[in-house]
Structures are given as structure tokens and as C-alpha cells.
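> Provided below are the primary sequence and the corresponding predicted coordinates.
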Amino acid sequence: IGRATAARLVGEGACVVLADIDQAALEATEADFVKKYGADAVRSVRLDVTKEDAVIASFAEASVEFGGVDILVSNAGIASSAPIEVTELATWNRNIDILATGYFLVSREAFRLFRRQALGGNIVFVASKNGLAASPNASAYCTAKAAEIHLARCLALEGADAGIRVNTVNPDAVLRGSKIWSGEWREQRAASSKIEVDDLEEHYRKRSMLKLNVFPEDIAEAIYFLASDLSAKSTGNIINVDAGNVQSFTR
């Protein structure tokens, strides 16, 4: 999702700072972008969003490289699955640290910079269907994602007077190209649905109202809409990109 979003933005003429905790993936993506779009359009920074000093430094570096920041796409993600009675405190804390505190830290630094620049600003969160719809055996993940969504709403209120827009994209079941589906999460969610791992993608397709799979480029299109002037009069909103899930209808 992050790669697809950045490609969409760079393809439309934006300069992008890629941030990832995975150094190898970061270098590979930057090299690919440089090859496709030129060295002037992209920079990268290794970033652990749970580290306050690292977040502050990353915004300073982006400002030095490109003269400021106009858009933040907050897309750091993990997943975990376990019944509540066997959920370890470390698992709970890791979800909250990355998916709630991490989103707070990058948003706070973006707000500070946006207000200094006095040019408005734009933040897009990538949350999850599970921030709106409860799911069994995923209480830590669902709670952290719900925190993201409500943080975005709070920030939309705080930023409106300065022309800072804050919106959220809610994906569901983006299996292809998503790191959170490459490990135990895939097996755990299959077990929760009482199906085989190889049947998971088809299970999610059939579960959706539109009977369609959701891909990274679908999420990228929604993020691009919210990050661009196409949505200039939208803030505090949620776009579900889940092929239809009645449990996730916003209210």
C-alpha cells in the first residue's frame, strides 16, 4: 500500500520521502523509484515511528531536502491475533506503540511543521475495517486501529482553522503485497475463520458485498484522492475500501 501510494503521488509530480523501518525494503523501493522517476523526486529515511527523536529528525530531514512537507500519509502497520486470555502484554503494547502512539507522533510533528509553514496541510491515515468492526481474537489490533480513527477525527477538529485536513482510509483484507499478511497473521485469521490458509483470499472476496478482492492500488487511489485537491473540501472523513462490509458502514 505504501509503495503503491508513493508511486501514485510521484507519478502525479510530487516529491516523496519514503519512510520504513525495513532498511532493505526501503533501499530497494528508493532505487526503483529513482529508476522510474528520477533522483530529484525521491528521498528515503529509515524510521521507527515509536521513537520520538527519530520522528522529529525525519521531518527535519524532509524539510531540508524538499523545503517543507505538505502531505503526511501515515501507513505504519502490524497485526496480531490471539484470544484475549492469551494476549501477552508485549503484544498489546506493540500494537498500541506502533498503531496509536506512532500515528500520534508523526501527526504531532506534521502539525508543528504545517503551522510553522502557514500553508495548510494534509494528513491521511491508513487504518482498517477492524477500527470500526470488531473481530474475534484480535482485540489488541482492533483497539489500536480504533484509536487511529478517533485520533484522525480529533486532529481534523484541531487543524481546520489552519487549513489542515485529516482523513482516513479503511482497507480490508489486502492480502497481496501486504507485509502483515506474510507471517502468522495469515494463519491466525484463517484459523479464526475455520478455513485453510490458501482459501483466505477467496473467503474474503466472497464475504464482501461486491464479491471483489481489494488490492494495494485500490487503497492507493483512495489515499491519492484524500491527499489531493480533489478532496479539498473534505476533512474528518473515512473512506472504506473493503468491497463492501455492512459492519463497517460509518455512522
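Looks like it came in fine. Residues are numbered from 1 along each chain as shown.

> In contact with residue 70, which residues are there?
119, 121-122 (CB atoms under 8 Å, 6 or more residues apart in numbering). The way it works is simple: take the backbone N, C-alpha and C, and place the C-beta from them, glycine included.

> Buried subset of these, written for PyMOL?
Here is the PyMOL command that selects the buried residues among the contacts of residue 70 (16 or more other CB atoms under 10 Å):
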select buried, resi 121+122
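
> Identify those among the contacts of residue 70 that sit within strands.
Among the contacts of residue 70, the residues falling in strands (DSSP state E) are 121-122.

> Same list, the contacts of residue 70, but as JSON lines with pLDDT and distance to residue 42 please.
Converted to JSON lines, these look like this (pLDDT from 0 to 100; distance: CB to CB, whole Å):
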{"residue": "119", "pLDDT": "97", "distance to residue 42": "22"}
{"residue": "121", "pLDDT": "98", "distance to residue 42": "20"}
{"residue": "122", "pLDDT": "98", "distance to residue 42": "19"}
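
> Which member of the contacts of residue 70 is positioned nearest residue 12?
residue 122 (13.8 Å; CB to CB).

> My read is that the closest one contacts residue 164, right?
Yes - at 7.2 Å, residue 122 counts as touching residue 164 under the criterion of CB atoms under 8 Å.

> Quick check: neighbours of the lengthiest strand in the chain in the sheet, parallel or antiparallel?
Criterion DSSP E: the longest strand present in the chain is strand 164-171. Sheet pairing for strand 164-171, assigned by DSSP bridges, gives strand 121-126 (parallel), strand 238-241 (parallel).

> what ranges do the helices span in the stretch 51-200 of the chain?
Assigned by DSSP state H, counting those that start in this stretch, the stretch 51-200 of the chain shows helices spanning 52-66, 89-96, 102-117, 139-159, 184-192, 200-207.

> before we move on, the earlier item: nearest to residue 224 among the strands paired with strand 164-171 would be which one?
Residue 224 sits nearest to strand 121-126 of all those, at 9.0 Å, using CB to CB.
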